[in-house]
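[1] Can you look at this prediction? I've put the sequence above it.
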Protein chains: 2
Amino acid sequence: MNANNTGQKNAHVVWQVMSITRDERERLQGHRSFMVWFTGLSGSGKSTMIYAVEEQLYRLGYRTFALDGDHVRRGLCADLGFSHSDRSENIRRVGEAAKLLTQAGVIVLAAFISPFKADRQKVRNLMAAGDFIEVFCDCPLAVCEARDVKGLYKKAREGEIRDFTGISSPYEKPDHPDLVLETAKKSVEECTGMVMAKIKSRLQFADLGKADLAEL
Amino acid sequence: MNANNTGQKNAHVVWQVMSITRDERERLQGHRSFMVWFTGLSGSGKSTMIYAVEEQLYRLGYRTFALDGDHVRRGLCADLGFSHSDRSENIRRVGEAAKLLTQAGVIVLAAFISPFKADRQKVRNLMAAGDFIEVFCDCPLAVCEARDVKGLYKKAREGEIRDFTGISSPYEKPDHPDLVLETAKKSVEECTGMVMAKIKSRLQFADLGKADLAEL
């Protein structure tokens, strides 16, 4: 516990500010917290991945939160559009909110197109070294467009949606992602296994036995 | 678990979006999540209260997060000042971020001057009924100013700080707060006890024995 005597006093009482540290939180729940950031084109499998990974972690007893555009575009970032500057501000706010979640001891699984390198780097810079794990969902545009789960590519091609990543707005691939998932070639299970293997060393399974560890 | 088949497919795989529900999260950790919002003048004891309540909850095994201006003014809301519209946007973003934390299963203890009724009401509206508990730290301006922990009142009186709540910007008291703490008359321990008593019924001590409950 950090005790900072703020000097707040009244007649009888010293008012102190005490803060539970992140380490104490992590000890309470028996695991560490960090952020796994999935970037890639619309339709590249980012949301599928965060929910698949979350399900595995949940079953093993980890506190997680899967965060994607739908969570914030109607809420925290409801005032933002899709211009370059609005996209940057969107990712900045998401990064800050995700940082708060990790400070609260939660493992954050974030799925955002986040097309610009500089914006992703800023989120990485918010976090301690190693607490930001960048996963590139590498899926050819043609495959994403053929899937077109939400019908957005069609609308973008028809000019109904402006500034659409991959069509009318650029996507800057990561130079050195922590992990690449070729989601057009691999199954959800394979990709989930790759993510779990990647984050295994960061989880520090303090609250789980060797049997659980062996399952991964 | 909510399963939504998004229709994402490649040659061999159906990509599905699965989401852990808030109920499942709460069951995992053995308690519910909600937001306790402390409002009041600068120096009225809000930050002291969130850390005091957090310490008690932490010792009882609850997942909490204490959120105050220092967390967000340098981060999520670093681009905002103290004009009426910036203060409103500040509280809006804090409310949205706090909502994400509660969705992640965390009990949020928030300390913000939040001087405008309409802004506090908007945060309440984000949450399910009963999941927003408004605590008014009711402390006379003269007492807050005499404490002047951060030296801000002095600067406000000297005109160094503009739009300072209570001096050059209004504070709208809550009409029907869920709890009033007279922090100039009561000790931190008394006030903490009052908050704990108020939230007791919302905690649902599923993971704690009667002995723990009796301690409150």
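    Received the coordinates, thanks. Since this is a predicted model, take the numbers as computed values, not measurements.
[2] give me the beta-bridge partners of residue A:39?
    residue A:136 (DSSP bridges).
[3] Do I have it right that it meets residue A:139?
    No: Residue A:39 lies out of contact with residue A:139 (C-beta atoms under 8 Å); the separation is 11.4 Å. Heads up, the C-betas are built off the backbone N, CA and C, glycines and all.
[4] Give me the more crowded residue out of these two.
    residue A:39 (28 against 22; other C-beta atoms under 10 Å in any protein chain shown).
[5] Tell me who's in contact with that one.
    Residue A:39 is in contact with A:46, A:112-115, A:120, A:134-137, A:174, A:177, counting by C-beta atoms under 8 Å, 6 or more residues apart in numbering or on different chains.
[6] Among those, name the buried ones.
    Buried subset of those (neighbour count, 16 or more other C-beta atoms under 10 Å in any protein chain shown): A:46, A:112-115, A:120, A:134-137, A:174, A:177.
[7] coming back round to it: need the overlap of contacts for residue A:39 and residue A:139.
    Shared contacts of residue A:39 and residue A:139 (C-beta under 8 Å, 6+ apart): none.
[8] Buried residues, the lengthiest helix in chain A. List them.
    Scanning chain A for the helix with the most residues, using DSSP state H, yields helix A:84-103. By neighbour count on 16+ other C-beta under 10 Å, the buried set for helix A:84-103 is A:87-103.
[9] contacts for it?
    Contacts to helix A:84-103, defined as C-beta under 8 Å, 6+ apart, come from residues A:22, A:33-35, A:65, A:67, A:72-73, A:76-77, A:80, A:108, A:110, A:112, A:114-116, A:118-120, A:122-123, A:126-127, A:131, A:163, A:169, B:65, B:67, B:71-72, B:75-76, B:93, B:96-97, B:100-101, B:104, B:106.
[10] Recalculate using a threshold of 7 Å.
    Helix A:84-103 has contacts (C-beta atoms under 7 Å, 6 or more residues apart in numbering or on different chains) with A:22, A:33-35, A:65, A:67, A:72, A:76-77, A:80, A:108, A:110, A:112, A:114-116, A:119, A:122-123, A:126-127, A:131, B:71, B:75-76, B:97, B:100-101, B:104.
[11] Show the buried residues in the residues you listed.
    Buried among these by 16+ other C-beta under 10 Å: A:33-35, A:65, A:67, A:72, A:76-77, A:80, A:108, A:110, A:112, A:114-116, A:119, A:123, A:126-127, A:131, B:71, B:75-76, B:97, B:100-101, B:104.
[12] and these, which of them are in helices?
    Those of these lying in helices (DSSP H): A:72, A:119, A:123, A:126, B:71, B:97, B:100-101.
[13] quick one: the residue sitting nearest the centre point of chain A from residue A:102, how far?
    Geometric centre of chain A, nearest residue: residue A:110, 2.1 Å, by C-alpha atoms, centre = their mean. Noted for residue A:110: a distance of 10 Å to residue A:102, by C-beta to C-beta, to the nearest Å.
[14] Equivalent analysis for residue A:34, please.
    With C-beta to C-beta as the criterion, residue A:34 and residue A:102 are 6 Å apart.
[15] Residue A:49 against residue A:38, yeah?
    Yes: between residue A:49 and residue A:38 there is a contact under C-beta atoms under 7 Å: 5.5 Å.
[16] Now the common contact residues for the two.
    With C-beta under 7 Å, 6+ apart, residue A:49 and residue A:38 have common neighbours A:111, A:137.
[17] who has more neighbours, the two?
    residue A:38 (30 against 27).
[18] Report the buried residues of stretch A:192-207.
    Neighbour counts using 16+ other C-beta under 10 Å place A:192-196, A:198-199, A:203, A:205 of stretch A:192-207 among the buried residues.
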